[in-house]
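>>> structure here, sequence nowhere to be found:
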C-alpha cells in the first residue's frame with residue numbers, strides 16, 4: 001500500500017485538516033490536506049524538533065523515549081506518533097484536527113498505520 005493511501009485513512013475522521021509522514025529530519029515524505037492554507041512542509045521540521053525534544057526530556061526523567069505527543073490549541077489538535085526508536089525505519093506521522101476532531105479515532109488509526117509505514121519504508 002502506498003504512503004498516500006495510508007494517509008487517506010484519516011480523511012474521513014471528524015475534524016480532519018491534514019496529515020503527513022515525515023522523515024527523521026522533518027522533511028515531508030507525503031502529505032494530505034483538506035485545507036489550502038495548510039503547508040506541512042513548512043512546519044514539518046519544527047514539529048519534528050518539538051517531538052524529538054519532548055522525547056529526549058521524557059527519557060532523561062526515566063520514562064524512555066516518547067511514542068506519541070499531542071498538542072492542544074484553542075483552534076485545533078496536533079497528534080504525532082513515531083515508528084519507534086528501535087524500528088528499522090525512523091519516521092513520524094502527524095495529524096492535525098479541528099478543535100472538535102475525533103482524537104480517539106485518530107490515535108486508533110495511527111496505531112494501525114504506523115506498522116504499515118514501517119513496512120512501506122523498510
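Cool, the structure landed. The shown structure was predicted, so the numbers you read here are calculated from the model rather than taken from an experiment. Numbers count the residues shown, from 1 in each chain.
>>> residue contacts, the residue nearest the centre of the chain?
Note on the chain: the residue nearest the mean C-alpha position is residue 94, at 2.0 Å, using Cα atoms, centre = their mean. Residue 94 makes contact with 18, 19, 20, 21, 22, 40, 44, 47, 78, 79, 80, according to Cβ atoms under 8 Å, 6 or more residues apart in numbering. C-beta coordinates here come from the backbone N, C-alpha and C atoms, glycine included.
>>> other SSEs contacting the helix or strand where residue 55 lies?
Secondary structure from DSSP states H and E places residue 55 in helix 40-60. Under the contact criterion of 3 or more Cβ pairs under 8 Å, 6 or more residues apart in numbering; DSSP states H and E, helix 40-60 touches strand 16-23, strand 28-33, strand 68-73, strand 76-82, strand 91-98.
>>> now do that helix: distance to the chain's middle.
11 Å (Cα atoms, centre = their mean, to the nearest Å).
>>> just stretch 108-122 next, same as before
Worked out by Cα atoms, centre = their mean, stretch 108-122 lies 11 Å from the chain centre.
>>> what comes into contact with it?
Contacts of stretch 108-122 (Cβ under 8 Å, 6+ apart): 1-3, 6, 9-10, 13, 21, 29, 68, 79, 81-84, 87-89, 91, 93, 95.
>>> show the buried residues in those.
3, 6, 9-10, 13, 21, 29, 79, 81-83, 91, 93, 95 (16 or more other Cβ atoms under 10 Å).
>>> among the residues you listed, which one lies nearest to residue 101?
residue 13 (6.9 Å; Cβ to Cβ).
>>> tell me the contacts of that closest one?
97, 101, 102, 105, 106, 109.
>>> what does residue 45 give?
Counted by Cβ under 8 Å, 6+ apart, residue 45 has contacts 25, 26, 27.
>>> same question, residue 74
residue 99.
>>> okay, it: pLDDT?
pLDDT for residue 74: 97.
>>> for residue 1, same thing?
So residue 1 comes in at 61 (pLDDT).
>>> where does pLDDT dip in this structure?
1 (pLDDT under 70).
>>> hmm, back to that, residue 81 versus the residue nearest to the centre of the chain, what's the distance?
In this view, residue 94 and residue 81 are 8 Å apart by Cβ to Cβ, to the nearest Å.
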